[in-house]
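J.: Task: produce atomic coordinates for the following.
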Amino acid sequence: MTQLLRWLAAAVVVAGVVALGMLGNVRAAQPEGPDGRTILRRPVARFPAVPGYYALQRKHVRDQLELTDEQADELEALGKTYYEKMRSQYAQQDWTKLREMSREERREHYARLNEKRRKMAEETKAEIEKILLPHQLKQLGEISFRARAAAMLYNPRMLDQARVSEQQKETLEKIRAEYQEKIQELRDESVEKMLDTLTPEQRKKLEQAASQAYQAWPRGQGGAARQ
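T.: Residues are numbered from 1 along each chain as shown. Have a look, this model is predicted:
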């Protein structure tokens, strides 16, 4: 089972390489910006990333907040408006003029641009706070804090700043190890369930494809295939 999982992982990597090649073909068909760079036109998600409230992109977060249909529609429209404004700023850049600027002029130009983006972000956050109810904002703040705290608790410098004791650090390390073990168990269980949906013939073909992908894994320094 372990060997098959490794083969499947290698197959995913090879598939990723193929996908990148396909992306190159898509890129060739996309329009170019003023600087000659290709602009990829990606579809806008139903809940685009909005400053200060990125957690709203996650469905389980929206479910926890119990958003009404009206709130969801308003947030969707607000997020898309913010996304379009950001994309418009990029499209309006005069790249030729920018290359001709001195270092100081470019620094001033980006400072003005960053200030515009900061104001735009603050305006968007203010609009979001008008849409959400007070208790939803409080709950969203707690969700966002927990998401940041989980990452910060991996930072040794942050642990020292918070004066976390050695005993507490050992407890945190134990919790992390348990978490990683559960993730691995869940991953293995999920792969097993997916494989169980296949017929013996389909599984055999998948094993052959995974084996070929595993053999194609780069070998040598920096890319040796694991046995």
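J.: Which pLDDT value goes with R146?
T.: Here, the pLDDT recorded for R146 equals 88.
J.: Next up, identify which helix or strand it is on.
T.: If you go by DSSP states H and E, R146 is part of helix 134-152.
J.: Which neighbouring elements make contact with that helix?
T.: helix 59-65 (3 or more C-beta pairs under 8 Å, 6 or more residues apart in numbering; DSSP states H and E). Just so you know, the C-beta spots here come from the backbone N, C-alpha and C atoms, and that holds for glycine as well.
J.: May I see the buried residues of the helix it packs on?
T.: Judged by neighbour count (16 or more other C-beta atoms under 10 Å), helix 59-65 contains these buried residues: V61, R62, L65.
J.: can you list the residues that contact that helix?
T.: F47, A55, L56, A72, L132, Q136, Q139, L140, I143 (C-beta atoms under 8 Å, 6 or more residues apart in numbering).
J.: Any chance of a ChimeraX selection covering the buried ones in those?
T.: Selection of buried members from these for ChimeraX, criterion 16+ other C-beta under 10 Å:
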select :47,55,56,72,132,136,139,140,143
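J.: Is it possible to get CSV of the contacts of helix 59-65 that adds distance to M120?
T.: Formatted as CSV, the contacts of helix 59-65 follow (distance: C-beta to C-beta, whole Å):
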residue, distance to M120
F47, 18
A55, 19
L56, 17
A72, 22
L132, 19
Q136, 23
Q139, 25
L140, 20
I143, 24
